[in-house]
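**Student:** What shape does this take:
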Amino acid sequence: MTHFITSMKSIPVYIVRYSEIGLKGPHARSLMERKLISNLKVSLASRGLDFSFTREPGRIFLWSSGPPEEVEDAVSRVFGVKSVSNAVYMDFNTSEEITGRAVELFSEGVKGRKFAVKVRRSGSHNFTSKELEEEIGSALYDGSAGVDLGNPEFVCHVEVRDNRSFFYSTIRPGPGGLPLGSEGKLVSLMSGGIDSPVAAWMMLRRGCPVDAIFIALAHPVDTAQFLRQFAGLYENWYFGLDPMVYVVDGSDAVERLTDGRTFRFPNVTFKKILYRLAEKIATNAGYFGIVTGESMGQVSSQTAENLFALSRSVHHNILRPLVGMDKDEITEMCRKIGAFPETSLGEFCAIFSAEPITRITEEELESEDVSEELINKMLEKTLKLKGSQIRDHLQSIEGRDTRLTEPKGGETILDLRNAEEYRKWHFPGAINARLSDLRSMGSALKDSKGVILYCSKGLQSAAGANILIRMGIDARYTNTDYLKRKTVSVHPDDSL
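**Tutor:** Got it, this is the predicted structure:
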């Protein structure tokens, strides 16, 4: 048992609770407690807060003179913490001393309210927890609206440990789970959308260091969007770990998946490419599993049949923590953990197939030849960043966005949506095209006054702009919302 230091009595104390750690054997429990305290120190230090810790079975006591709201927020973002309470500490000799202090601290809180007293006790005393609850309750009764043990408006918490007592009225929940770094490391396929950050967070909660793989389909546009999102996840939750982020150039895969010749089932084959890339990175870097944000039936590639075939296409451990959750649950959790994307460029599915396959067989997927040459070529263009480097890297790429800001006039306008969407509405003079058409259109487009590409959200058009820019063509991307709002006339070049 770690004894309290007398000089700490004047410093605010916080009771930090854990749950699962208490189920471990003595050795594992001690290691996890120490890991938890280490991560707590990182979180508190990141805010410039002072701290000192004492440790007892089932409890960690934090002493800090920092602003209470900041201290509690820092603690509540550390994996392994079940809850935290800002408490008042007092040594005592008799139960009457505890009751007197409780009256001083809680009288105002119970005034005009229904209340309850909850006592937790550890050690040898001449009173029981129930007796102390009744004694404090009787002393607080006058001025209250009465006792209500089932649904109180105010709860007086008292924790008694040997000759020490702690008083508090609030319990702030933490994420729970296990301390980050206490389990084996994983790598997560991340898209910049809603699902994958939640999946990564859930495995962080299980104590696993989680690094990230992002496949850039329209670099630097989608890369910047992803990195902004991941920076928030890193800064709010990765205490005790500086993760690795792999940014893979997916431009070669985009061109092959959209050419209409190389692959028959591009929506599922794209996922196969992702799995193969992740497996190679995981094998080379020693990861024990690949995390995905897949949820059963959410999109065409995530049917039971497709997930079965995809799982059989690799040998590595695939972890799908969201598989039984629906979109509303995932969205709510994404907002709760602060990882909801600021903007959305749309999903990759629309890029690769207008009529996606939903029940691919293992044999059909095997026939989609994802060559080692393609995987290696993509990996050769991989950028590796640490979480602590993301903000600096963002500054270096955010000025290279090819988004349309103001038309010059006379540009060729390409609508990359499907034919049905094009028929329902398209910008006057826009030409309906597919990503796979851009190469063949290149010679005509080189003589244009520039090209504006648009799609529903922006991901397809950003990818298309990249293809044209690599061909030496001045191209900008946008989405339908921008063009529908546009009040300044865009005069397209109709010479094509």
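
**Student:** is it true that residue 20 touches residue 179?
**Tutor:** No - Residue 20 is beyond contact range of residue 179, at 9.8 Å (criterion: C-beta atoms under 8 Å). All C-beta spots, glycine's among them, are computed from the backbone N, C-alpha and C.

**Student:** which residues are common contacts for these two?
**Tutor:** residue 80 (C-beta atoms under 8 Å, 6 or more residues apart in numbering).

**Student:** So if I had to pick from those two, which one is more boxed in?
**Tutor:** Using other C-beta atoms under 10 Å, the more surrounded residue of residue 20 and residue 179 is residue 179, with 26 against 16.

**Student:** Helices of the stretch 351-496 of the chain, start to end?
**Tutor:** 362-367, 372-380, 390-397, 419-424, 438-445, 459-470, 480-485 (DSSP state H, counting those that start in this stretch).

**Student:** contacting residues for residue 86?
**Tutor:** 12, 14, 68, 71, 72, 168, 170.

**Student:** if you skip the residues just before and after it, what's nearest to residue 419?
**Tutor:** residue 432 (6.3 Å; C-beta to C-beta, 6 or more residues apart in numbering).

**Student:** which residues touch that neighbour?
**Tutor:** 414, 415, 417, 419, 422, 426.

**Student:** can we see that at 7 Å?
**Tutor:** 415, 419, 422, 426 (C-beta atoms under 7 Å, 6 or more residues apart in numbering).

**Student:** picking that back up, take the contacts of residue 86 and keep only those in strands.
**Tutor:** Mapping these onto strands (DSSP state E) picks out 14, 168.

**Student:** Pull the distance from the host helix or strand of residue 155 to the chain's centre.
**Tutor:** Assigned by DSSP states H and E, residue 155 belongs to strand 154-161. Strand 154-161 sits 35 Å away from the centroid of its parent chain (C-alpha atoms, centre = their mean, to the nearest Å).

**Student:** Residue 267 and residue 300 touch, don't they?
**Tutor:** Yes - between residue 267 and residue 300 there is a contact at 5.4 Å, judged by C-beta atoms under 7 Å.

**Student:** Compare the two (neighbour count), which wins?
**Tutor:** Ranked by neighbour count (other C-beta under 10 Å), residue 267 and residue 300 place residue 267 first, with 24 against 19.

**Student:** and the one helix or strand that one maps to, how far out from the chain's middle?
**Tutor:** Using DSSP H and E, residue 267 falls within helix 266-285. How far helix 266-285 lies from its chain's middle: 21 Å, per C-alpha atoms, centre = their mean.

**Student:** Downstream of it, the next helix or strand is which one?
**Tutor:** That would be, after helix 266-285 and using DSSP H and E, strand 290-291.

**Student:** Direction included, what does that following strand pair up with?
**Tutor:** The strands beside strand 290-291 in its sheet (DSSP bridges) come out as strand 186-190 (parallel), strand 318-319 (parallel).

**Student:** Ok, which of those comes nearest residue 87?
**Tutor:** For these, the distance to residue 87 is smallest for strand 186-190, at 36.0 Å, taking C-beta to C-beta.
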